[in-house]
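Asker: Give me coordinates for this.
(one chain, ligands or ions: 2)
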Amino acid sequence: MTSHALPSYLNPDDLGPWGQYLQQVDRVTPHLGNLARWVETLKRPKRILTVDVPIERDDGTVAHFEGYRVQHNLSRGPGKGGVRFHQDVTLSEVMALSAWMSVKNAAVNVPYGGAKGGIRVDPSKLSKGELQRLTRRYTSEISMLIGPTKDIPAPDVNTNEQVMAWMMDSYAMIEGNLSTGVVTGKPISLGGSLGRREATGRGVFVVGQEAAQRRGVAIAGAKIAIQGFGNVGGIAATIFADAGAKIVAVQDHTGTVLREGGLDVAQLHAYVAEAGGVKGFPGADATLERDAFWDVESDILIPAALERQITADVAQRLRTKIILEGANGPTTPEADDILGDKDVLVVPDVLANAGGVTVSYFEWVQDFSSFFWTEDEINARLTRIMQNAFGAVWTVAQEKKVSLRTATFIVACTRILQAREVRGLYP
Ligand SMILES: NC(=O)C1=CN([C@@H]2O[C@H](COP(=O)(O)OP(=O)(O)OC[C@H]3O[C@@H](n4cnc5c(N)ncnc54)[C@H](O)[C@@H]3O)[C@@H](O)[C@H]2O)C=CC1
Ligand SMILES: O=C(O)CCC(=O)C(=O)O
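Answerer: Ligands and ions are numbered 1, 2, ... in the order given. As a prediction, this is how the structure comes out:
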């Protein structure tokens, strides 16, 4: 007897990120052969934890925030994936982000399942003390799920090395041991890895080089537009600019700045550190209305902010040759189809932004062995893994005549479901 009745918390008509992920799974299913009988596994997160996170505000009042940790799939190893603090975090979003982690970790073949966490909060409205109390309470509430061999969080939107240090310390207080391996993306002084802060942007650059070479685009002189100037977009901007590309437009949550001849990325970083965003940058030729960002002509577009930015309407308007998805889930399935018809090469999130988790894996390995590598070693290994993953996906895409997204899902879901099958279901 089989039952495919959905658990009550899963909406098959979800119109948010989870629904977007389900459509991506439907596209890979015909390519999974006999493993397709296991595909339902991918459509149901293994574990979902929703937590209430109360904190005492500086003014003495008590505030409550909703937090989540979702472990999507653990067939290939412990859960792994970041923690997001953002006012728009929803369970649908965290479920999708955890599922994309399963696919990403399998695509670059690091020995992890997929997980993700988040709190619905605008951290810019909290003092540093409130942020620390929020992080510590959240860690305590999810402590039964996480651990160095169970589930290992890391930074995502609006979380950073300091937040990871507080998470590690809170967990260590509960466990009574050092526990550096419980989170990655930590400060170097606390078992963090050289190169982790830059790793996602560097990985975007490595796959960007591979894609550009196959599309006959020279990186030197290429026009690049970037949405998001944080950890991923900001570092990618620096590395591409250092390689001779022109960063012609940058958009963040404060505004959009433009310079035909290329923005001075170092000056833009210095300005953002002071001003809190790109709006008002004096080194720009012009500023744009938010929506006009998508009309800027470029050779390479890097969405590096949030999900569902490239909709069907945006895809129709885009004038670019290559999209490197630094963000998770920036392109809807309808937009994917339009971009395919327009022959725009989309390097999907689950491949393009996998550099971060790859160096997180290096950090975890270094913490276990208490033996730390040089930055050159880390960058060389990262580059090799990203190039090999891109090459394998490219070959599948050519053979099966599918998009790079579906090809990445073919490679990754095959690995996940093979592990699921060989483990078996019986006690
Ligand atoms: N940090 C990491 O290692 C990894 C992050 N990612 C993904 O990359 C994306 C960005 O993450 P991070 O750079 O870490 O976050 P971050 O918090 O460092 O930066 C986020 C950036 O997005 C901008 N932004 C926010 N809302 C926006 C909006 N509505 N329009 C335009 N820009 C907006 C912010 O101003 C900021 O510049 C997310 O999708 C994240 O899941 C993916 C892999 C690893
Ligand atoms: O470094 C990690 O463990 C995960 C980073 C992350 O959240 C992501 O790749 O989306």
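
Asker: tell me which parts of the stretch 101-250 of the chain are close to ligand 2?
Answerer: Residues of the stretch 101-250 of the chain lying near ligand 2 by Cβ under 6 Å from any ligand atom: 104, 154, 156, 184-185. To be clear about C-beta, it is placed using only N, CA and C from the backbone, and glycine gets the same treatment.

Asker: Give me the subset of these that lies in strands.
Answerer: Counting by DSSP state E, the part of those found in strands is A154.

Asker: does S298 belong to a helix or a strand, and which?
Answerer: Using DSSP states H and E, S298 sits within no helix or strand.

Asker: measure it to ligand 1 for me?
Answerer: 16 Å (Cβ to the nearest ligand atom, to the nearest Å).

Asker: pretty sure that residue contacts A249?
Answerer: Yes - between S298 and A249 a contact is recorded at 7.3 Å, counting by Cβ atoms under 8 Å.

Asker: now stretch 128-147, how far from the chain's geometric center?
Answerer: 21 Å (Cα atoms, centre = their mean, to the nearest Å).

Asker: One more: stretch 142-157?
Answerer: Chain-centre distance of stretch 142-157: 15 Å, with Cα atoms, centre = their mean.

Asker: Could you list the buried residues of that stretch?
Answerer: Under the neighbour-count criterion of 16 or more other Cβ atoms under 10 Å, stretch 142-157 has 142-143, 145-148, 151-157 buried.

Asker: want to try CSV for these, with distance to M95 as columns?
Answerer: Shown next, in CSV, are the buried residues of stretch 142-157 (distance: Cβ to Cβ, whole Å):
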residue, distance to M95
I142, 15
S143, 21
L145, 15
I146, 17
G147, 21
P148, 24
D151, 15
I152, 18
P153, 16
A154, 18
P155, 19
D156, 14
V157, 16
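
Asker: For ligand 2, what is the nearest residue in this protein?
Answerer: G82 (2.6 Å; Cβ to the nearest ligand atom).

Asker: related to what we said a few turns ago, so what's in contact with S298 and A249 at the same time?
Answerer: A225 (Cβ atoms under 8 Å, 6 or more residues apart in numbering).

Asker: And the helices in the stretch 301-427 of the chain?
Answerer: Applying DSSP state H, counting those that start in this stretch to the stretch 301-427 of the chain gives helices spanning 312-317, 333-341, 349-352, 355-369, 375-400, 404-423.

Asker: Out of those helices, which is the most enclosed?
Answerer: helix 349-352 (a mean of 30; mean count of other Cβ atoms under 10 Å).

Asker: related to what we said a few turns ago, columns distance to ligand 2 and mean pLDDT on top of the helices of the stretch 301-427 of the chain, output as TSV?
Answerer: Listed next are the helices of the stretch 301-427 of the chain as TSV, based on distance: least, Cβ to the nearest ligand atom, whole Å; pLDDT from 0 to 100:
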stretch	distance to ligand 2	mean pLDDT
helix 312-317	22	98
helix 333-341	19	98
helix 349-352	8	98
helix 355-369	3	98
helix 375-400	12	98
helix 404-423	13	98
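
Asker: Distance to A305 added to those helices, as CSV?
Answerer: Below are the helices of the stretch 301-427 of the chain laid out as CSV (distance: least, Cβ to Cβ, whole Å):
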stretch, distance to A305
helix 312-317, 13
helix 333-341, 15
helix 349-352, 12
helix 355-369, 15
helix 375-400, 21
helix 404-423, 19
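
Asker: Same list, these, but as a markdown table with distance to ligand 1 please.
Answerer: Output for the helices of the stretch 301-427 of the chain, formatted as a markdown table (distance: least, Cβ to the nearest ligand atom, whole Å):
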| stretch | distance to ligand 1 |
| --- | --- |
| helix 312-317 | 12 |
| helix 333-341 | 16 |
| helix 349-352 | 7 |
| helix 355-369 | 3 |
| helix 375-400 | 12 |
| helix 404-423 | 14 |
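
Asker: who in this protein is up against ligand 1?
Answerer: Counting by Cβ under 6 Å from any ligand atom, the chain sits next to ligand 1 at 155-158, 200, 227-233, 251-253, 304-306, 326-328, 353, 356.

Asker: Buried subset of those residues, written for PyMOL?
Answerer: To isolate in PyMOL the members of the residues of the chain next to ligand 1 that are buried, counting by 16+ other Cβ under 10 Å, one can use:
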select buried, resi 155+156+157+158+200+227+228+229+230+231+232+233+251+252+304+305+306+326+327+328+353+356
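
Asker: ok so, going back, which one of the residues of the stretch 101-250 of the chain next to ligand 2 sits closest to ligand 1?
Answerer: Ligand 1 lies nearest to D156 out of those, by Cβ to the nearest ligand atom, at 4.8 Å.

Asker: so the closest one touches G82, yeah?
Answerer: Yes - contact between D156 and G82 holds when scored by Cβ under 8 Å: they sit 3.0 Å apart.

Asker: roughly how far out does stretch 56-63 sit from the chain middle?
Answerer: 32 Å.

Asker: Helices of the stretch 151-300 of the chain, start to end?
Answerer: 161-175, 196-215, 231-242, 265-275.

Asker: what about stretch 34-51, average pLDDT?
Answerer: Mean pLDDT, computed over stretch 34-51, is 97.

Asker: same question, stretch 71-82
Answerer: So the average pLDDT for stretch 71-82 ends up being 98.
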